[in-house]
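# Output the structure for:
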Amino acid sequence: MPSPALGSGCSTPSLTERRALADELAAARGWQHATLVTGPFVLAAWLAPTRGSDQLTIFIEGDGNAWATRRRPSSNPTPRNPAGLKLALAHPGGNVAYLARPCQYVTVAEQRGCGIAIWTRERFSKAVVDATDQAVSMLKSRRPVRRLTLVGYSGG
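Sure, this is the predicted structure:
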């Protein structure tokens, strides 16, 4: 089957549609969306209901839709298929959260600091790593936890 990027007649889901899918999947499990404002970026996260555990497991999304084709970057890195979120939602217990990478799932108004370089050649830059670290600290502060496990998916 041809890729939508190659003109098969199928359209790529919009950012609004991709965000709505993530919200729907999370809400079905009782998860809540969180907007995490870090130094240069706004990051999206979803959190499971608080459970009686001192352990927090955070699933970090991969590169998502960083590339429209093998040579052309996409205009927005939000995943079409939120695989990292689905992995987080399938986690069997404890305190769990899902953290999107910078520029994924955020509204146009929240896309400060975002640009194609952030989800391509600068995806592991100091600014991105520092923002992710800040977001992880924010998620930890929302739960009474002593132990942290990070689970990366693909480029996460």
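
# Look up which helix or strand residue 25 falls in, please.
Taking DSSP states H and E as the definition, one finds residue 25 inside helix 15-27.

# Can you name the residues in contact with that helix?
The set of residues that contact helix 15-27 without belonging to it, under Cβ atoms under 8 Å, 6 or more residues apart in numbering, is 13, 32-33, 44, 46, 76, 78-80, 82, 85-86, 89, 98, 105, 107-108. (Each C-beta comes from the backbone N, C-alpha and C, glycine too.)

# redo that, cut-off 6 Å
Counting by Cβ atoms under 6 Å, 6 or more residues apart in numbering, helix 15-27 makes contact with 46, 76, 78, 82, 85, 105, all of which sit outside it.

# With stretch 98-107 instead?
When contacts are defined by Cβ under 6 Å, 6+ apart, stretch 98-107 is touched by residues 19, 41-46, 58-61, 64, 77-78, 85, 88, 114, 118-119, 128, 131, 135.

# Sitting in helices, which of those residues do you find?
19, 85, 88, 118, 119, 128, 131, 135 (DSSP state H).

# List only buried entries from the residues you listed.
A residue is treated as buried here by neighbour count (16 or more other Cβ atoms under 10 Å); on that basis the buried members of these are 19, 85, 88, 118, 119, 128, 131, 135.

# Those: which two are farthest apart?
Spanning the widest gap among those are 88 and 118, at 22.4 Å by Cβ to Cβ.

# how close does the one residue sitting closest to the centre of the chain sit to residue 41?
Central residue check for the chain by Cα atoms, centre = their mean: the C-alpha nearest the mean position is that of residue 100, 1.5 Å away. The spacing between residue 100 and residue 41, counted by Cβ to Cβ, to the nearest Å, is 10 Å.

# same question, residue 94
Counting by Cβ to Cβ, the gap from residue 94 to residue 41 is 27 Å.

# repeat for residue 28
27 Å.

# try residue 15
Applying Cβ to Cβ, one obtains 16 Å for the distance of residue 15 from residue 41.
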